[in-house]
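> Predicted structure and sequence below. I'll ask about it afterward.
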2 protein chains.
Amino acid sequence: MIGVVCLNPALDITHHVPAVDWAGVNRPSAVHARPGGKGLNVARTLHELGVDVLVLGLAGGLTGTEVETGLASRGVPASWTRIGAETRRTFTVVDRESGDSALFNEPGPPVSDGEFADFGVRYKEVLDGCAAVVLSGSPPPGVPPDAYAGLIGLAATAGVPVVLDAHGDALRRGAAAGPAIVKPNLAELAASTGRPLDGAGRPAVAAAARELRVAGAGAVVASLGATGLHAVTPDGGWWAAPPDAVAGNPTGAGDAVTAALAHGLVLGRPWPEQVRHAVALGTAAAMAPVAGEFSVADYNRLLPAVSVDRDGAG
Amino acid sequence: MIGVVCLNPALDITHHVPAVDWAGVNRPSAVHARPGGKGLNVARTLHELGVDVLVLGLAGGLTGTEVETGLASRGVPASWTRIGAETRRTFTVVDRESGDSALFNEPGPPVSDGEFADFGVRYKEVLDGCAAVVLSGSPPPGVPPDAYAGLIGLAATAGVPVVLDAHGDALRRGAAAGPAIVKPNLAELAASTGRPLDGAGRPAVAAAARELRVAGAGAVVASLGATGLHAVTPDGGWWAAPPDAVAGNPTGAGDAVTAALAHGLVLGRPWPEQVRHAVALGTAAAMAPVAGEFSVADYNRLLPAVSVDRDGAG
C-alpha cells in the first residue's frame, strides 16, 4: 500500500463557457466538481494504475464532505482527519472560444495544532502498512513549517521510503530529512537552490539537482515540463524526454510523475525504467483534460518512445 | 408571516481578486459563500426588515445542505423539500483593479414530478398561516411551466395574496392566474408583452404595464433600474424615482423592490407609500455590495427623498 498525504485537498469546480464575458453574466455549458489538490491527483493516478493506495487527508466543512464523498465514489480509499475550518475550492473557467483557462485558488483552511496532532496519530497508525509514502502539495496555514520533515522522519524510523513534491520551506526542510525522492519542477528547483534556471542549459539544471540531493534526498527528479525530466540518483544522472513535446495540463503532468516515481519505488524499478515510466505517465496525464486522469493507451504507447540518456556529468 | 417560495436557490460564491489574469492562476484576496437566488434574497431582505418569513424551498446534495445551513445561520426560518439533484452554484469574480465582475450561473438541478408534488404538499400546509406569498425567480428544469400559476391558484383559494417576480412563460401564465402584484423589470415587461421598450418613453412603458395588468394581475410594478419604477394599480398609475441614480447591484435592487411590495401588501400601505418604500428599499439594496443586504440608514434617509407622481394617463 502507498500512503498519500493530502493536507490541503480541494473541491475543483470547472465551468466550460462558450465565449466568456469577463464583465457580465455567463451560463456555463458544462459544470464539473471533483476532488482535487496535488495529493489527491497522485492518489487517483495510482488508483488508476491498480496500486493499493490510502489517502491520509484533512477535510473540513461541507466542502470537505464533498471532497470525501467524491473520492469515495471514485473508489479511492481514504482516512480523513476532520478539521474545523472549511476545505478550499478551486474554480476554473474554460473559455471554449479562446481556449484560455482562468484558475481561482482559494486559500487553504487554517489547521490547529490539535488537529495536526490528530492527523499525526493516524499517520503513525498506518505507516507500518505502507510500502511508501507520498507527501505532495503545500501544507495549509497553521501546519508547522517542519511538518513534512517530521512526517519524513517518522517514515524513516518505520523504514518506509518517502516521495516528496513540495516547494519553498517544505521542500528545503523536507529534503534535509532524508526522503527517498524529491520531485521539484524547474521553478521549485531554482527557488530551493537559489540558482536562476529559467532558460538554463543542462549543466546548470544538473548542478542544481545535485546540490538539492546533497542536502539530504536519496534522489532528485526534476520535472521539466514538456521536455521531460532530469534525475540525479545513487546510480548517476539521467535525462528522459517524451517523443514529442505535449502542450497540456502541467498540474496533472507533475502529479502523474510523482505517482509513477512512488509506483516505481515500490516495484524496485531500476532508474532508467523509473524515469521512462515517469515521463510516459506524465506525458499521458498532460494529454488528458483533467488532473488525476490519463489514458492507459497513451501511457503504453509512450513508454517505448521515451528517450533515456545517461548524464555526461553523472 | 410571508411565505417565500425558492424553487431554485443557489450557493453564491464570490472571489475578490486584486487584478484578474483571465488566462492564468489567481489567488483571491477574499472569498465569500452565502445562500442566494432571487427568492432567498427577498426572504433575507424581509427578515432584515423584521418581518416574519418562511422560506419554502427545494434543496439537493451537499450544495443544498450548504444553502440550508447558511440560511439557518442567518436566522431565516425555512421549510425545505429535498431533491435528488444537486442545488446550483453561482460564481462571481470581482476584479478589484477594473471593478468589473464576471458572473457564472450554473444551470438549476432537474426536479422530478414526485419532488414537486412533495413541495406542493408543504406549500398547501403552510398557506393558511401566510399573510402573503412571494414567488420569485426562474423555476428549475422539470418544474411544469404552469407551476407558478398553480401555486397562485392555491393561494387564491386560501385567500392569500401573491407577489410574482418571474419572466417568460412563468410570468405570462402566472399573471393570468391573478396574483396581487407582478414585478417585472423593463426587459421582462417588454418580453411578456411583445413590445420593444429599450429606450422607450413613459407612455410606452405605461401601456405595456397596463396590458400585463389586463392579463390578470391586480397590479403591475415595473422596476426600471436606477430610474425607479412604474406602477399600474387599481388606484391608478404611479411613477416613483430615487433622488439620484445609483449605479449598483441590480439583482439585489430588484429583489428588494419585491420584498418591499410584499411587506407593503401585508401592512396595507396605500399605493403612493407602497411605491415610495419600494424605490427607497431597492435603491438602498443597490448601494449594498451583496444581494439580500441593505443599510437601514440608507433606506430611512432615502424614504422622504423618493419622488412619487401620479401618471397622467393613470
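Yep, that arrived. Numbering: from 1, shown residues only, chains lettered A, B, ... in the order given.

> If residue A:232 is in a bridge, with which residues?
residue A:220, residue A:237 (DSSP bridges).

> any residues touching the helix or strand hosting residue A:135, and which ones?
Taking DSSP states H and E as the criterion, residue A:135 maps to strand A:132-136. With CB atoms under 8 Å, 6 or more residues apart in numbering or on different chains as the test, strand A:132-136 has contacts from A:2-6, A:38-39, A:41-43, A:127, A:148, A:151-152, A:155, A:160-166, A:174, A:179-180, A:255, A:258-259, A:262, A:265-266. For the C-beta atoms, the positions are set from N, CA and C on the backbone; glycine is no exception.

> what ranges do the helices span in chain A?
A:38-48, A:61-73, A:113-127, A:147-157, A:168-176, A:186-193, A:202-214, A:250-267, A:271-287, A:296-302 (DSSP state H).

> Could you identify which of the ones you listed is most buried?
helix A:38-48 (a mean of 28; mean count of other CB atoms under 10 Å in any protein chain shown).

> Test my guess that residue A:141 contacts residue A:110.
Yes - using CB atoms under 8 Å, residue A:141 is in contact with residue A:110, at 4.7 Å.

> Nearest residue to the middle of chain A?
residue A:255 (3.5 Å; CA atoms, centre = their mean).

> so what's that residue up against?
Contacts for residue A:255 (CB under 8 Å, 6+ apart) come out as A:38, A:41-42, A:45, A:136, A:165, A:285, A:291-292.

> ok, it to chain B distance?
Using CB to the nearest CB, to the nearest Å, residue A:255 is found at 16 Å from chain B.

> Identify the residue nearest that residue in space, chain neighbours excluded?
In this structure, residue A:255 finds its nearest non-sequential neighbour in residue A:41, 3.7 Å apart by CB to CB, 6 or more residues apart in numbering or on different chains.

> okay, the one you found: pLDDT?
Looking at residue A:41, its pLDDT is 95.

> my read: it touches residue A:290, true?
No - Residue A:41 lies out of contact with residue A:290 (CB under 8 Å); the separation is 9.2 Å.

> Overlap of the contact sets of these two?
residue A:252.

> The nearest residue to residue A:138 once chain neighbours are set aside: how many residues sit nearby?
Using CB to CB, 6+ apart and skipping the chain neighbours, the partner closest in space to residue A:138 is residue A:8 (6.2 Å). Neighbours of residue A:8 under the rule other CB atoms under 10 Å in any protein chain shown: 24.

> Tell me the spacing between residue A:8 and chain B.
14 Å.

> Was I right to think that residue contacts residue A:58?
Yes - with contact defined as CB under 8 Å, residue A:8 counts as touching residue A:58 (7.2 Å).

> List the contacts of the residue in the stretch 201-314 of chain A positioned nearest to chain B.
Residue nearest to chain B within the stretch 201-314 of chain A (CB to the nearest CB): residue A:251, separated by 9.6 Å. Residue A:251 is in contact with A:38, A:41, A:291, counting by CB under 8 Å, 6+ apart.

> For the residues you listed, give me JSON lines that also has distance to residue A:189.
Formatted as JSON lines, these follow (distance: CB to CB, whole Å):
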{"residue": "A:38", "distance to residue A:189": "17"}
{"residue": "A:41", "distance to residue A:189": "20"}
{"residue": "A:291", "distance to residue A:189": "21"}
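
> Enumerate the beta-bridge partners assigned to residue A:36.
So, taking DSSP bridges as the rule, residue A:36 has residue A:10 as bridge partners.

> pretty sure residue A:223 contacts residue A:283?
No - applying CB under 8 Å as the test, residue A:223 and residue A:283 come out as separate, 10.9 Å apart.

> what touches both of these two?
Joint contacts of residue A:223 and residue A:283 (CB under 8 Å, 6+ apart) are residue A:253.

> domain ranges for chain A?
A:1-132+A:139-144, A:180-314 (automatic domain parsing).

> could I get those as JSON lines with distance to residue B:92?
Output for those, formatted as JSON lines (distance: least, CB to CB, whole Å):
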{"stretch": "domain A:1-132+A:139-144", "distance to residue B:92": "10"}
{"stretch": "domain A:180-314", "distance to residue B:92": "24"}
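
> Which of those sits closest to residue B:304?
In terms of CB to CB, the element of the domains of chain A nearest to residue B:304 is domain A:1-132+A:139-144, at 34.5 Å.

> which ones are touching residue A:167?
Counted by CB under 8 Å, 6+ apart, residue A:167 has contacts A:138, A:184, A:187-188, A:191-192.

> possible to save those residues as TSV with pLDDT and distance to residue B:103?
Shown next, in TSV, are those (pLDDT from 0 to 100; distance: CB to CB, whole Å):
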residue	pLDDT	distance to residue B:103
A:138	91	29
A:184	96	38
A:187	93	33
A:188	94	35
A:191	93	36
A:192	91	40
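
> Run through chain A and note the low-pLDDT ranges.
For chain A, residues meeting the criterion pLDDT under 70 lie at A:247, A:313-314.

> Which residues of it lie near chain B?
For chain A, the residues in contact with chain B (CB under 8 Å from any CB of the partner chain) are A:13, A:15, A:17, A:20-28, A:31, A:62-63, A:65-66, A:69, A:89, A:91, A:93, A:95, A:98, A:100-107.

> Now, of the residues you listed, which are buried?
Neighbour counting by 16 or more other CB atoms under 10 Å in any protein chain shown classes A:13, A:15, A:17, A:20, A:22, A:26, A:28, A:31, A:62-63, A:65-66, A:89, A:91, A:93, A:95, A:101-106 among these as buried.

> Can you give me the separation between residue A:298 and residue A:281?
Here the criterion is CB to CB, to the nearest Å. By it, residue A:298 lies 9 Å from residue A:281.

> actually residue A:245, not the one I wrote
On the measure of CB to CB, residue A:245 and residue A:281 end up 16 Å apart.

> who's in contact with residue A:158?
Taking CB under 8 Å, 6+ apart as the test, what residue A:158 contacts is A:127-128, A:130.

> Please identify which of the residues you listed is nearest to residue A:227.
Once CB to CB is applied, the member of the contacts of residue A:158 that ends up nearest residue A:227 is residue A:130, at 32.4 Å.

> residues contacting that closest one?
A:1-3, A:54, A:155, A:158, A:160.

> filter the residues you listed to the buried ones?
A:2-3, A:54, A:155, A:160.

> biggest separation within these, which pair?
Among those, A:54 and A:155 lie farthest apart (CB to CB), at 13.7 Å.

> and residue A:145, how many neighbours?
12.

> There's contact between it and residue A:173 in this structure, I believe.
Yes - counting by CB under 8 Å, residue A:145 touches residue A:173, with 6.6 Å between them.

> how near is whichever residue of the stretch 51-200 of chain A sits closest to chain B to residue A:32?
When scored by CB to the nearest CB, the stretch 51-200 of chain A has residue A:100 as its residue closest to chain B, at 4.0 Å. Noted for residue A:100: a distance of 17 Å to residue A:32, by CB to CB.

> Please apply the same query to residue A:135.
27 Å.

> Looking at these two, which is more packed in?
residue A:135 (30 against 14).

> Name the residues linked to the more buried one by a beta bridge.
On the basis of DSSP bridges, residue A:135 is bridged to residue A:5, residue A:164.

> Can you get me a residue count around the closest residue to residue A:272 other than its chain neighbours?
Nearest non-adjacent residue to residue A:272, counting by CB to CB, 6+ apart: residue A:308, 5.0 Å away. Neighbours of residue A:308 under the rule other CB under 10 Å: 17.

> Residue A:308 contacts residue A:269, doesn't it?
No - shown here, residue A:308 and residue A:269 do not form a contact pair, counting by CB under 8 Å, at 12.0 Å.

> is it true that residue A:271 touches residue A:230?
No - Residue A:271 is beyond contact range of residue A:230, at 11.9 Å (criterion: CB under 8 Å).

> Give the residues shared as contacts by the two.
Common neighbours of residue A:271 and residue A:230 (CB under 8 Å, 6+ apart) are residue A:238.

> looking at the sheet around residue A:26, what are its partners?
Beta-bridge partners of residue A:26, as defined by DSSP bridges: residue B:104.

> and it, what is it in contact with?
A:15, A:17, A:20, B:102-105.
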